[in-house]
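> what's the 3D shape of this:
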Amino acid sequence: MAPFTKPEAVLKQAEGLVSVGQAHAALQSITEMFTSKRFRSTPLASLEPIMLRFVELCVNMRKGRTAKEGLMQYKNIAQNTSVGSIEVVIKKFVQLADAKVQEAQAAADKAVALLDIDDLEASETPESVLLGVVSGDQSKDRTDRALVTPWLKFLWESYRTALETLKNNARLEAIYQQIAAQAFKFCLKHQRKVEFRRLCETLRLHLVNVAKYSHQPHSINLSDPDTLQRHLDTRFAQLNTSVELELWQEAFRSVEDIHNLLTLAKKSPRPAMMANYYEKLSKIFLMSGNALYHAAALSQYYEIVRATGGKSEEELSKLAGLVLVSAIAVPITADAEDAAEEGKSKNARLSALLSYAKMPTRSGLLHDALARNTLKLCPEKIRTLHKILQLSFPPLTICSAIAPIFDELAADPAYAPYLPLLNRVLLSRLFHQLSQVYSSIKIEHVLDLVAPLNQRAAAAAEGGDATSALGALVYDQDRIEAFLMGCAKRGELDVRVDHAEGSITFVTELFSSAASTSTEASQLSPATLVRTGLSRLANTLHASLQHLEPPSPPPTAAAEFQALLKAANEERKRLSVRRALASRRVELLSELTVRKEKEELSKRAEASRKEKEEETKRAAEALKRREAERVRREMDNAKKEEALTLAKSLMAKGGLKVAVDDIENLDTTKLVALQVEHLDKEKREMNERIRIASKRIDHLERAFRKEERPLLDKDYERQQADDEAAHKNQHHAIISALKQEHESNMANKKRMARMMGDYQAQRKVLAGQREEEFQRKREEAQVKIDKEKAERREKVMRQREEERRQKEAEEERRREEREREEQIERERIEEEERVAAEEEAARAAEEAQQKEKADAALAMRKQREAERAEANETARLQQQREEEAERRREERRAAEKNASIRPSAFGSPRLGPGPERESTDVWRRPSARPATPPSAPATRYRPPGARGTETDARPASPAGPPVRAAPAAAGGGWRAREAAKNAGEGSTSPAPEKDTEGFQTVAPKASVWRPRMRGSGEAPPR
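Numbers count the residues shown, from 1 in each chain. Coordinates of the predicted model:
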């Protein structure tokens, strides 16, 4: 690598080489500078002139690849510091290439204009005629191919190089879009369709790579509105160029690119831009033959133009006519066919390009066109066309009525492309209307009906008008039959052609809805009438009922508000219930989830433990296997290494060739034997080769010497003669050249000597003039210096005075700031003291309030305790009264029971006096047990705090079980009964109240039966 040279020296060296005609060497010297490591650290101010000279040399020599490499390296250096320098270099590069193309074009035109023609009357020579027949090219084409085409190719490469250099860099985005626009103009000017396709693919690839290089610094951000707008402008320029070049497929791809960019935009684009978008899209669909989407695009374009304005009445009328004609020209069966294909991706893509949510239809487009007032704005002939094809029902005169309109449309270039589509719509209308009027018709009659169209076609053919003949087809019998068969195949008509009778039969199936739904009809067909009879009857009856019994007036606002309020309350209640149920379900689900998670955790823990144990076992076994394998492998490796070492040593010493795969099968003894055998073999072969070579060389050398011996002497003599002649010729040439040079110098000296006096005089005159000029300029400079000194002195004085005033103002400002800060500090301290005092007062008030709350709570607690004690006392008295009442009821029942079982005095037989009866031996029940006092009631523990709260406890009765009265003595009467009663009352008197110390006496249940204990008359304890 050559040593690094300063940029100035490199530029100077390149200029010197160019001046002597060494452009290649100059370009090579600049290119070598790019390969230096210090090239990146060179200042851009020094590199920019070198780059300009570099691109100029590359353009002059058409070195496109070298220019691309240099521009790439320069971009890598300058893109972070000076984007403007890159723009200057790129623009210079493209301008130079464009200038070369223009120069070549001018040279080619000049060469064609200056052709040498001997005979002006016979401009075509036999040679030129023969050359034109053979090659097929004219002289200008050959001249352009020789002069212009190489520079056109280089200019195209220059545009590609510039775009590749500037791509995917946000700081170079503006110049990138400018170069792309210039490339579009280049393709349009020179009609370069292939290059335009490649340019579009390049731009599309660069846009796709934006996301790929988004992580790099200075990457392009399509979310930026300015960047997105620049890309949209470039794509619209691409769309316009493709339309002008009539590259419709590329135009459609450009439309898709624009649509993809519009989906990224955060705000809607400009109306003028969208109008251009829909206009170009309508042209694309018209050229592709898609009438439906052409009409939809034209409708969108008309809507934007009508909203934005800027069009004259005549232009708006013409555009409205185009919109209505394009909608009418859509084939009638397009609705059914396209509806069947609506799910396909193609129609979905086309609808998305037109901003339609679903695929447009013919009826929808017509409805939109009429809703936008196009019928009033369009010309009269278009209104007549719409009336005949869409509103009227003249099956026998439709062709004759519409033929003059078609003639007018054919004369207008704007409407001429729609004539083939309008012819198809016309025939569809004709046969649909005929099918609703006739069941069969003669083919001759149909040909008579379409005869006006044939007359127009014949007139166009005779006049030689290609534009009129384009839409005027001759409808003979074959064409009519082909159209009918196409309608039958598409399901548009159910028709049959009878060639024997020469008639067309329309088949009407009354219960089939296929034909009636696939087309638009101005008059309902019989099948439609049958199919829609019930629905039409239902509509008529509904209208009659509405007229006879109008609906009740709507409820008032107050009633509606009350109903809504009631419904809202009910809904609120239902929501609360559902919310409670949902919360409960959530709780249950959360509990169930927690339980399941715990179970799963335990299962996973157990499985993990088992898996760890198995893994530990497997690891131990694997470790053992690996250890055994390692030992075996080490032994094998040791053997292999020993054999390999021996083999290498033998091969190094004696050149033994042994395959590495065979070393495992050989030991040291075999290897040594092989080495010895190999050495013997090589020794024998070497001896044989030496013997053969020595013998061959000996014979060859002997033959050479024998042949060259007589030739050496002759060659020596010839060489001496040649050397002597050459020396003489050279000596004479030198002498003659010196003589001629001396004579020329003497003549120049003699000629120049005559001018010496004039030279000296002129020199003195010039010296005097220059001395006077010098003195004059010196005086002027001195005056200027004095003036500048005075001005500088005044300026310095003014500046010092200004600095002094500024310094004083600065000191005054600082003093005011200090005073302001001190005032703020004092205010802050006062504010802090005030806030502290307020906080202290608030704290004292809060403590007092808390103390009042505590006292109130204590008083409330005491009041609650007093109320609780009073409630306990009331409950105790109530319980005592209930126990007393219960005891009395028990005594009363016991007395009644004793009275019922005692024998009556009148019922028992009196056997004699009392004493005698007692002494009788009649068996009697023994005397009753003495009445026992009530047993002590059982008690249960109650905490002290619950004494006054359990008012619902079971009342404890002090009375024990019912006391049986003692049986009266024999012969007892009412006196005995009264005595027994008095005795019972005395035994069941309530005992004095005792201190229970927090325990409550619980009375036993009287209704529970318990057995008596043997040997006593008391009940068992409870």
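> In PDB, list the C-alpha atoms belonging to stretch 773-787.
Provided in PDB are the C-alpha atoms of stretch 773-787 (Å, rounded to 0.1, in the frame of the first residue of the first chain):
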ATOM      1  CA  GLU A 773       1.400  52.200  -9.700                       C
ATOM      2  CA  PHE A 774       3.100  50.800  -6.600                       C
ATOM      3  CA  GLN A 775       3.500  54.300  -5.100                       C
ATOM      4  CA  ARG A 776      -0.100  55.200  -5.800                       C
ATOM      5  CA  LYS A 777      -1.400  52.000  -4.200                       C
ATOM      6  CA  ARG A 778       1.000  52.500  -1.300                       C
ATOM      7  CA  GLU A 779      -0.400  56.000  -0.600                       C
ATOM      8  CA  GLU A 780      -4.000  54.700  -0.900                       C
ATOM      9  CA  ALA A 781      -3.200  51.800   1.500                       C
ATOM     10  CA  GLN A 782      -1.700  54.300   4.000                       C
ATOM     11  CA  VAL A 783      -4.900  56.500   3.900                       C
ATOM     12  CA  LYS A 784      -7.100  53.400   4.300                       C
ATOM     13  CA  ILE A 785      -4.900  52.200   7.200                       C
ATOM     14  CA  ASP A 786      -5.200  55.600   9.000                       C
ATOM     15  CA  LYS A 787      -9.000  55.600   8.400                       C
END
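> Report the distance from it to the chain centre.
Averaged C-alpha coordinates place stretch 773-787 at 74 Å from its chain's average position (CA atoms, centre = their mean, to the nearest Å).
> Could you do stretch 15-24 as well?
Remark: stretch 15-24 is offset 55 Å from the chain centroid, using CA atoms, centre = their mean.
> so for it, what's the average pLDDT?
In this model, stretch 15-24 has a mean pLDDT of 75.
> Now the terminal residues of it, how far apart.
Stretch 15-24 stretches 12 Å from its first residue to its last (CA to CA, to the nearest Å).
> So which bits of that stretch are buried?
17-18, 23 (16 or more other CB atoms under 10 Å). For the C-beta atoms, the positions are set from N, CA and C on the backbone; glycine is no exception.
> Need the contact partners of that stretch.
For stretch 15-24, the surrounding residues in contact (CB atoms under 8 Å, 6 or more residues apart in numbering) are 25-26, 29, 53, 57, 60-61.
> What is the lowest-pLDDT residue among those residues?
S29 (75).
> Let me know whether that residue touches A14 as I believe.
Yes. If you go by CB atoms under 8 Å, S29 and A14 touch, sitting 5.6 Å apart.
> L245 - how many residues pack around it?
With neighbours defined by other CB atoms under 10 Å, the count for L245 comes to 18.
> Now do E615, the pLDDT please.
Looking at E615, its pLDDT is 86.
> Tell me the backbone dihedrals of it, please.
Dihedral pair for E615: phi -60, psi -40, per degrees, to the nearest 10.
> Report the distance from the strand or helix carrying L877 to the chain centre.
Using DSSP states H and E, the element containing L877 is helix 756-901. Mean-position distance between helix 756-901 and its chain equals 45 Å (CA atoms, centre = their mean).
> Also stretch 383-397?
The mean C-alpha position of stretch 383-397 is separated from the chain mean by 50 Å, CA atoms, centre = their mean.
> what does stretch 583-591 give?
Relative to its chain's centre, stretch 583-591 lies at 40 Å (CA atoms, centre = their mean).
> now do stretch 224-243
20 Å.
> Equivalent analysis for stretch 491-508, please.
55 Å.
> for it, what is the average pLDDT?
For stretch 491-508, mean pLDDT is 81.
> Counting only helices, which of the contacts of stretch 15-24 make the cut?
In helices, defined here by DSSP state H, the members of the contacts of stretch 15-24 are 25-26, 29, 53, 57, 60-61.
> Just the buried subset of the residues you listed, written out for ChimeraX, thanks.
For the buried members of these, the matching ChimeraX selection, counting by 16+ other CB under 10 Å, is:
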select :26,29,53,57
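> The ones in helices among the contacts of stretch 15-24: which two are farthest apart?
Farthest-apart pair in the ones in helices among the contacts of stretch 15-24 is S29 and N60; separation 15.3 Å (CB to CB).
> Could you look up the SS state of R585?
Three-state assignment for R585 (DSSP: H, G, I helix; E, B strand; the rest coil): helix.
> dump the residue contacts of the nearest residue to A181 once chain neighbours are set aside.
Of all residues not flanking A181 in the chain, A237 sits nearest, at 5.5 Å (CB to CB, 6 or more residues apart in numbering). Residues near A237 by CB under 8 Å, 6+ apart: 180-181, 184.
> Surely A237 is within a helix?
Yes. Using three-state DSSP, the secondary structure at A237 is a helix.
> From L426, how far off is it?
Taken as CB to CB, to the nearest Å, the spacing of A237 relative to L426 amounts to 40 Å.
> Ok, K750 next?
Between K750 and L426 the computed distance is 107 Å (CB to CB).
> swap in S268?
S268 is 40 Å from L426, by CB to CB.
> Those two: who's more crowded?
A direct count of neighbours by other CB under 10 Å for S268 and L426 places L426 higher, at 23 against 9.
> Report the contact partners of that one.
L426 makes contacts with 389, 398-399, 402, 453, as judged by CB under 8 Å, 6+ apart.
> Tell me which helix or strand it sits in.
helix 419-437.
> How far does that helix sit from its chain's centre?
On CA atoms, centre = their mean, the centre of helix 419-437 falls 47 Å from the chain's centre.
> quick one: buried residues of it?
For helix 419-437, burial by neighbour count (16+ other CB under 10 Å) applies to 419, 421-436.
> Averaged pLDDT, that helix. What do you get?
For helix 419-437, mean pLDDT is 85.
> what helix or strand does T81 sit in?
T81 belongs to no helix or strand, assigned by DSSP H and E.
> For burial, what's the neighbour tally of it?
9.
> mind checking pLDDT for it?
As predicted, T81 sits at a pLDDT of 76.
> So what does it have for phi and psi?
phi -120, psi -50.
> cool, and S440?
Taking degrees, to the nearest 10 as the convention, S440 sits at phi -150, psi 150.
> what distance separates whatever helix or strand Y301 lives in from the centre of its chain?
Assessed by DSSP H and E, Y301 sits inside helix 291-308. Centre-to-centre, helix 291-308 and its host chain are 29 Å apart (CA atoms, centre = their mean).
> What are the buried residues along it?
Within helix 291-308, the residues scored as buried using 16+ other CB under 10 Å are 291-306.
> which among these gets closest to C200?
A297 (20.9 Å).
> gap between that closest one and F285?
Look at A297 and F285: by CB to CB, they are 6 Å apart.
> Could you take the contacts of A237 and lay them out as a markdown table, with extra columns for secondary structure and pLDDT?
Output for the contacts of A237, formatted as a markdown table (DSSP: H, G, I helix; E, B strand; the rest coil; pLDDT from 0 to 100):
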| residue | secondary structure | pLDDT |
| --- | --- | --- |
| A180 | helix | 86 |
| A181 | helix | 86 |
| F184 | helix | 87 |
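> Of those, which count as buried by neighbour count?
180, 184.
> wait, which of the contacts of A237 is closest to Y716?
Using CB to CB, A180 comes nearest to Y716 of the contacts of A237, at 78.0 Å.
> Settle this for me: the closest one is touching C200, isn't it.
No. Between A180 and C200 there is no contact under CB under 8 Å: 10.0 Å.
> okay, and the common contacts of those two?
With CB under 8 Å, 6+ apart, A180 and C200 have common neighbours Q238.
> name the element A357 belongs to?
Here A357, judged by DSSP H and E, is contained in no helix and no strand.
> wait, I meant V497
strand 495-498.
> and the very next helix or strand once past that strand, C-alpha only, in CSV?
As assigned by DSSP H and E, the chain's next helix or strand after strand 495-498 is strand 503-506. Below are the C-alpha coordinates for strand 503-506, written out as CSV (Å, rounded to 0.1, in the frame of the first residue of the first chain):
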residue,chain,number,x,y,z
SER,A,503,-86.4,-19.5,-33.5
ILE,A,504,-85.3,-18.6,-30.0
THR,A,505,-87.3,-20.1,-27.1
PHE,A,506,-87.4,-18.4,-23.6
